[in-house]
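# Structure, please.
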Amino acid sequence: MQLEELSWKQLDSLDREKTIVFIPLSPLEEHGPHLPIGTDLLTARDAAKEAIRAIKKIKPELTSVLFPAVPLGYSKMASDFPGTVSIHIKALKMIVSDICDSLAKFGFKYYVICTFHMDLGHLKAIYGAIRKAMRNKPIKIIEPWGPYFYSKEVEKREPQVGFDTKKEVHACFRETSLMNYQYPYLVDPCYKDLQSIYRDLYSPRVLGKTFKDIGITEGYVGSPARADSDYGRWYFQQIVDTYTQATVDMIEGKKPSELPAQTQLLMHSMFWLQ
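Here you go, the predicted model:
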C-alpha cells in the first residue's frame, strides 16, 4: 500500500497492531559525473518496496504502508556540487519527528526509517528525531541500515572482489555496482574511465569540510571503474534483508541493533551540528 493512494478511511481501517509504516528518506546528492543525483533515495525506496514484499511472505498477517520517498537529508560534504540539496540538521530532525508524530496521533505504532545516506550529520538528525518521537508517543521506530553499515557487516560478508573495499566511500565501486544493477540506463558509461581516488572522510581533519575543500573535484571517492552489476545485486539484497529482518525483529519485540559505540561517540561529538 502506498500512503498517498489511500483514502483516509482506508488508512483508518488498518489494524494498528499489525501495520508498519516504511519511510524512505535520503537527500538528493551529487554522485560523481556518472551516477544519478537520486542514487541514495532510489536505493532506499526500492529496498523498502522489496522488504515489504519479503515481509508479506514471512508474516502475511502484517500490513505494510509505504510513505512517499522523502528527498531530504543533510549532505554538507557534497554541497559544492549542483544537485545536492542539504537541509539543516534541526529541520531534518523536525521533519522526521513530525511525520511519525502525525501518524502516531492516530494510533500507528511501528515505523521503519529507510535511509541509504550514511553521513553522520544525517544520522544525527534521524536518531534525534527517533528519540523525540518515541519520547512523546508509545511507538517504535527503527533505522536498520546505519547499525549494519557502521558495524562493517558489508565488508565481513561481501564476496571476494580482489581489492580492498574499505576505501570505497562515495559514488564508488559499491554504489556504481548498485546502480548498474538497479538502473543501468541512468549510469553514464564514463565511469569505466574514472581513476581511483581515495580520501579518509572520517578523519578529524576533514570533519565539517566539503569535498572540494579536500581536493575532490569530481564528487566521488573510491574506484567506480571496478563496478560489477553482480556485486550490485548482492549489495542490494543485503539492504533488503537488513530492512526485512530488523522489521520482523521489531514486531516480535526484540531489541533493535544499535550504532557501534565509537560511531555514536563520533556522531555526538559533532557539536557544531546542533
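
# residues contacting the closest residue to Arg226 other than its chain neighbours?
Using CB to CB, 6 or more residues apart in numbering and skipping the chain neighbours, the partner closest in space to Arg226 is Phe173 (4.7 Å). Every C-beta, even on glycine, is put in place using the N, C-alpha and C of the backbone. With contact taken as CB atoms under 8 Å, 6 or more residues apart in numbering, Phe173 is in contact with Val161, Thr165, Gly222, Ser223, Pro224, Arg226, Ala227, Asp228, Tyr231.

# most neighbours, which of these?
Neighbour counts for the contacts of Phe173 (other CB atoms under 10 Å) peak at Pro224, which has 33 neighbours.

# any idea how far that residue lies from Glu30?
Here the distance between Pro224 and Glu30 works out to 13 Å (CB to CB, to the nearest Å).

# What of Ile89?
In terms of CB to CB, Ile89 sits 20 Å off from Glu30.

# And for Ser64?
Note on Ser64: its distance to Glu30, by CB to CB, is 31 Å.

# before we move on, what about Val248?
Using CB to CB, Val248 is found at 35 Å from Glu30.

# More neighbours: the two, which one.
Neighbour count, other CB under 10 Å: between Val248 and Glu30, Glu30 has more, with 23 against 17.

# re the thing from before, which residues are in contact with both of Pro224 and Glu30?
Joint contacts of Pro224 and Glu30 (CB under 8 Å, 6+ apart) are Ala171.

# mind checking the end-to-end distance for stretch 27-39?
End-to-end span of stretch 27-39 (CA to CA, to the nearest Å): 9 Å.

# What segments of the protein are strands?
For the chain, the strands defined by DSSP state E occupy 19-24, 63-66, 110-114, 140-142.

# In TSV, list those strands along with mean neighbour count and mean pLDDT.
As requested, the strands of the chain are exported to TSV (neighbours: other CB atoms under 10 Å; pLDDT from 0 to 100):
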stretch	mean neighbour count	mean pLDDT
strand 19-24	24	98
strand 63-66	20	98
strand 110-114	26	98
strand 140-142	20	98
